[in-house]
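S.K.: Pasted the sequence and its predicted model underneath.
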Amino acid sequence: MQPCAVLVDVENVPHRSLEWIMHNLDSMGYLAILRRAYGDFRKPNLQPWNEPLTKFSFEKVSAPSYVPKKGTSDMAMIIGAMDMLYNRSNIKCFVLVTSDSDFTPLVRRLKQSGKKVVGFGGWHTTLALVNEYKKFVYIEDLGFSMPTILEYTMSTKETSKNLSKRQLIQFLRRVIREHSDQGWASLSAIGQHFDCKHYGHSKVSKYFDNNWVHFQMDTSRQYVRNL
């Protein structure tokens with residue numbers, strides 16, 4: 001069994017998936033000798049995490065939100081991983097449970113230090129992050145539903161208002177998937193769900209032009225797809 005550290009971004013994945021992930025790591029030959037979960041555990045929506053984290057002996061690392069709609073769990077998780085990299089030489093593998101593309105540089109840095117990095121996350125995880133991992137497992141492929149963006153529906157434009165940047169990107173990724181034809185979705189279809197003016201853009205296309213890290217535009221056809 002290869003010793004590994006398991007780091008979970010609890011604000012980014014469903015709590016029900018943790019038991020499967022831990023059992024799957026055993027079958028992959030990884031021994032979780034360090035287990036940490038990061039999030040603002042004061043939030044009511046994170047309370048369901050208490051039972052699985054206790055069951056699998058995870059240490060909860062508090063990452064409070066100092067301003068509305070902007071969490072610090074990703075930064076705390078990155079700091080924790082780098083601390084383990086330099087101070088725990090017995091850790092040969094890192095397991096990151098998150099769909100957040102902000103972790104792409106961390107995965108690359110861990111690899112440069114000779115560590116294996118395994119990931120678990122949702123279908124909306126960017127290919128840039130997925131391709132950095134030695135192995136990446138999509139949680140939905142195993143029958144678990146990723147939480148919709150704070151369990152919002154997508155029936156009206158009101159849905160897309162007052163989301164954080166991360167939540168909005170995830171929201172739009174889902175809209176694109178549900179309207180896609182071979183991966184591409186028309187801007188007119190997306191515009192039915194997205195009030196771009198609320199986020200400072202006069203047109204839907206301008207939002208996607210300014211977020212080219214996450215989306216690719218086909219300006220000739222007025223279509224967009226996830227990256």
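M.R.: Nice, thanks for sending it over. Residues are numbered from 1 along each chain as shown.

S.K.: Which elements pack onto the least confident helix or strand in the chain by mean pLDDT?
M.R.: For the chain, counting by mean pLDDT, DSSP states H and E, helix 165-179 ranks last in confidence among helices and strands (a mean of 77). Packed against helix 165-179 by the contact rule (3 or more CB pairs under 8 Å, 6 or more residues apart in numbering; DSSP states H and E) you find strand 185-186, helix 187-190, strand 223-226. Every residue, glycine included, has its C-beta placed from N, CA and C.

S.K.: Would you give the sheet partners of the last one, along with the direction of each?
M.R.: In other words, strand 223-226. strand 185-186 (antiparallel), strand 215-218 (antiparallel) (DSSP bridges).

S.K.: Of these, which is nearest Ile33?
M.R.: strand 215-218 (38.7 Å; CB to CB).

S.K.: Helices along the protein, start to end?
M.R.: 18-28, 50-55, 73-87, 104-112, 127-130, 165-179, 187-190, 204-209 (DSSP state H).

S.K.: Leaving out the residues flanking it, which one is nearest to the residue nearest to the spatial centre of the chain?
M.R.: Centroid-nearest residue in the chain, with CA atoms, centre = their mean: Ser99, separated by 1.9 Å. Closest residue in space to Ser99, ignoring its immediate chain neighbours: Gly121 at 3.7 Å, by CB to CB, 6 or more residues apart in numbering.

S.K.: what's the pLDDT at the one you found?
M.R.: Listed pLDDT for Gly121 reads 87.

S.K.: For it, list the residues it contacts.
M.R.: Counting by CB atoms under 8 Å, 6 or more residues apart in numbering, Gly121 touches 12-13, 97-99, 129-130, 136, 138-139.

S.K.: now it, which residues is it bridged with?
M.R.: Tyr138.

S.K.: which residues sit against the longest strand along the chain?
M.R.: Assignment by DSSP state E gives strand 30-39 as the longest strand of the chain. Here strand 30-39 makes contact (CB under 8 Å, 6+ apart) with 1-11, 22, 25, 46, 49, 53, 56-63, 71, 73-74, 76-77, 80, 84, 88, 90-91, 93, 95, 118.
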